[in-house]
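Enquirer: sequence unknown, structure follows:
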């Protein structure tokens, strides 16, 4: 097995372990200790729209990347990073749209616990970024490499956190002015 | 179109949007959206709301 194959297997195992942890964290973050987050009918409809927009976004980005590759345009970012970045941008579209339309939090979500999980995820993703900046491995041979994905995850979490905070403030102002 | 009948029926029962949402198993924002006329609920949710507020479908949702 060459170095690249070993790296790919390592990343795949990492993703699998991450998925298992994510499933356990979802259970910890739900009020009724269920794996599944419950959404009401309006939220399900909104989330359907959100998934559709996220899908279109990923398709458009991937087509653009394909055309750039076809035209042999040099992008100073590693290929694997580019494709993961398009997935992350899709996730951002999904989250931003569903937060804005009040369909992000499910009925059985414990928001405080989710907040803790998000902060922990942010910190865990920040560690490799700091490491890469410290040893100068963020850019290798003029190409941006792996840890930039961790940086993008941090930015995504910050964006989600900011929007959730904004919606929380708006909700406080809007909440039942007639009562 | 705003659903003022739903809003007044809820207020008459001294329920907040959050209370009604919990009784119907939906989010507070969904009740708010129905009252504002931003969302048309399914018949199942209409029935759940009517049961919670002890009203009929005609009283809360039928437009004359």
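Expert: Nice, thanks for sending it over. This is a predicted model, so every value here is computed, not measured. Numbers count the residues shown, from 1 in each chain, chains lettered A, B, ... in the order given.
Enquirer: Now residue 35. Its backbone dihedrals?
Expert: If you meant another chain, say so; for now it's chain A. Torsion angles at residue A:35 (phi, psi; degrees, to the nearest 10) stand at phi -70, psi -30.
Enquirer: Let me know how buried it is, in neighbour terms.
Expert: 9 (other CB atoms under 10 Å in any protein chain shown). Every C-beta, even on glycine, is put in place using the N, C-alpha and C of the backbone.
Enquirer: My understanding was that it contacts residue A:29; is that so?
Expert: No. The pair residue A:35 / residue A:29 is not scored as a contact, 10.5 Å apart, by CB atoms under 8 Å.
Enquirer: Buried ones in stretch B:3-16, by neighbour count?
Expert: For stretch B:3-16, the neighbour count (16 or more other CB atoms under 10 Å in any protein chain shown) marks B:3, B:5-7, B:9-10, B:15-16 as buried.
Enquirer: So what touches it?
Expert: Residues outside stretch B:3-16 that contact it (CB atoms under 8 Å, 6 or more residues apart in numbering or on different chains): A:176, A:178-179, B:17, B:20, B:23, B:31, B:34-37, B:49, B:52-55, B:59-61.
Enquirer: what pLDDT does residue 50 get?
Expert: Since you didn't name a chain, this refers to chain A. Looking at residue A:50, its pLDDT is 97.
Enquirer: um, chain B though
Expert: pLDDT for residue B:50: 95.
Enquirer: How about residue A:176?
Expert: Note for residue A:176: predicted pLDDT of 51.
Enquirer: Next, the distance between the ends of stretch B:35-53.
Expert: One end of stretch B:35-53 sits 14 Å from the other (CA to CA, to the nearest Å).
Enquirer: Contacts for it, please.
Expert: For stretch B:35-53, contacts defined as CB under 8 Å, 6+ apart pick out A:40-42, B:1-4, B:6-7, B:9-10, B:13, B:15, B:17, B:20, B:23-26, B:30-31, B:33-34, B:56-57, B:59-61.
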